[in-house]
Every structure is written in structure tokens, then in C-alpha cells.
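Colleague: Sequence first, then the predicted structure:
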Amino acid sequence: MSVNRIVPLEPSKALKTRVYEALRDLIGHMDIYSSEEPIRLDERALGERLGVSRTPVREAISRLEQEGLVQNIARRGAFVVRKTKAEILDIVDVWAALESMAARLATSRASDEEIAELRAKFSTYDGEEARAHIDEYSDTNIDFHQTIIRLGKSELITQMSDQLFFHMRAIRASTIKDRDRVLQSVMDHVRIIEAIEERDAFRAEQLVRDHALELAEHIERYVDYLR
């Protein structure tokens, strides 16, 4: 397990909170589905990297277990939770509902400046460039969907989507390279931006929902490494 993602802790916060946030961020950027084997969290290695004892690391892992992100297995240790294929499909379906509603809300709630920033930030890739810089585009793709959620300006949608985000991020990252999906992703994003710019609530909602459900269809048909 790589711990290079971990950044120095902020001294202004309580130690246990800082350790928890560092581990949550680490898990949020893991490629959970790159292997059939679950990822084990090594308390000692994490503590050494963070410069803390194993106690706050253990407390953070316990908190992450309560959130459903980690599972402690007796005599084996703590592992990052991997969802089954059926669970992932359910998560994508719920995400589709939340993000599409956020897009609909964004057409009336986002300011002209925010929508202009959306285009400036996410319409710089063409298909070939995205394909050539696939890892960078993968991060941009995930950021795009988070931004749509934020532009909806619904605290409840934001809270609910945050509970699904870790596995949505992981499954998007692991599938974006499949079957040249990156080209379709770029085109879909452009259409979504255009719909929001035109403040076309129905079209924005439909495009975002269809985009997410296409991911579900791809997972159903081609993702054989999920059981």
C-alpha cells in the first residue's frame, strides 16, 4: 500500500481529527478496484508516515469503520471496504439521481460567473488530449462531477453524495480507460456544460443522468473484476 498521498498534518486541529482526515483523504484517492485483493491498512506504517503513535491511527480507523469505509477482520487487520458489483451498480443509480438533480438546480442557482468557471475549467480537453493524458484527465473527470454537485447548492444533496463519493471516485478512475470511454466522457461533459449555460433544466438533468447510467451499463457488461 502506498502512503505517498499523505500530507503533513495541520497543527491547529486536534491530533485524532488530523489523523482521521489524513486517512480519509488517503482512502479517497486509492485505486480500490485495481486488484481483486482488498487493501490492508498497516497501522504501524501509517503512524510512522504521519509521525504519530498507533493509538490515534487505530482511533481513526475505528471511525472510518463506523462510516463503512473500513472493515476490521479479526487476526487479519483493517481493510478498505470493496463493494460488490451489485452494490456498485446501486451506488451509481443513486448517484445518477443526486447529480442529475444537482445539475437541474444548477441551471437556476449557479451564477453566471460560476458557470463561466465551469466551462473555463472543464472544456480545455479534447478527446485526443484526454486520451494522451489519461491519468490527469481521470482526476479532472472526477472533479467535474463534484463541481456539478456543488453548483446545485443543496446541502442535503451534497451530504448524501459525499457518502457515495469514495466508491464513485474509485470506480470512475478504474473504468475511464476501458474501451475508449474517455472520448465519450469528454463529449458528454461539453454537452452538460452547454445545457447549464443555456439554463435548460430538463436537458441538464437528463444529460447528467444518462451519463451516469451509461457508467452503470458499462460496469454491468464489462467489469468482470467485481463479483
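Modeller: Ah, there it is.
Colleague: Look through this structure and report the residue furthest from the middle.
Modeller: R75 (30.5 Å; CA atoms, centre = their mean).
Colleague: residues in contact with D188?
Modeller: Contact partners of D188, counting by CB atoms under 8 Å, 6 or more residues apart in numbering, are 207, 211, 214. All C-beta spots, glycine's among them, are computed from the backbone N, C-alpha and C.
Colleague: What segments of the chain are strands?
Modeller: 40-41, 70-73, 77-80 (DSSP state E).
Colleague: and these as CSV, adding mean neighbour count and mean pLDDT?
Modeller: Output for the strands of the chain, formatted as CSV (neighbours: other CB atoms under 10 Å; pLDDT from 0 to 100):
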stretch, mean neighbour count, mean pLDDT
strand 40-41, 18, 94
strand 70-73, 15, 92
strand 77-80, 18, 93
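Colleague: Dump those into TSV; add distance to D143 as well.
Modeller: Shown next, in TSV, are the strands of the chain (distance: least, CB to CB, whole Å):
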stretch	distance to D143
strand 40-41	26
strand 70-73	25
strand 77-80	22
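Colleague: Can you tell me which of these is nearest to Q146?
Modeller: strand 77-80 (20.3 Å; CB to CB).
Colleague: show me the contacts for the residue nearest the centre of the chain.
Modeller: Closest residue to the average C-alpha location of the chain: R169 at 2.5 Å, with CA atoms, centre = their mean. By CB under 8 Å, 6+ apart, the residues touching R169 are 28-29, 142.
Colleague: follow-up on the earlier one: what values do phi and psi take at the residue farthest from the centre of the chain?
Modeller: The phi and psi values for R75, taken as degrees, to the nearest 10, are phi 70, psi 10.
Colleague: So it versus E217, what's the distance?
Modeller: 40 Å (CB to CB, to the nearest Å).
Colleague: can you pull the buried residues of stretch 82-93?
Modeller: The neighbour-count check on stretch 82-93 (16 or more other CB atoms under 10 Å) flags 82-83, 88-89, 91-92 as buried.
Colleague: Kindly indicate which of these lies nearest R54.
Modeller: Out of the buried residues of stretch 82-93, the member with the shortest distance to R54 (by CB to CB) is R82, at 24.1 Å.
Colleague: Quick check: that closest one vs V70, distance?
Modeller: R82 is 11 Å from V70, by CB to CB.
Colleague: what do you get for L118?
Modeller: 34 Å.
Colleague: what does Q163 give?
Modeller: Counting by CB to CB, the gap from Q163 to V70 is 14 Å.
Colleague: Could you give the number of residues near the closest residue to S154 other than its chain neighbours?
Modeller: Distances taken as CB to CB, 6 or more residues apart in numbering place L105 nearest to S154, at 5.9 Å, with adjacent residues excluded. Look at L105: counted by other CB atoms under 10 Å, it has 20 neighbours.
Colleague: Would you check that L105 makes contact with E155?
Modeller: No - counting by CB atoms under 8 Å, L105 stays clear of E155, with 11.5 Å between them.
Colleague: buried stuff in stretch 204-213?
Modeller: So for stretch 204-213, counting by 16+ other CB under 10 Å, buried means 204-209, 211-213.
Colleague: meant to ask about stretch 145-161
Modeller: Under 16+ other CB under 10 Å, the buried positions of stretch 145-161 are 145-154, 157-158, 160-161.
Colleague: what does it contact?
Modeller: 94-95, 98-99, 101-106, 109-110, 114-115, 118, 121-122, 165, 168, 172, 192, 196, 208.
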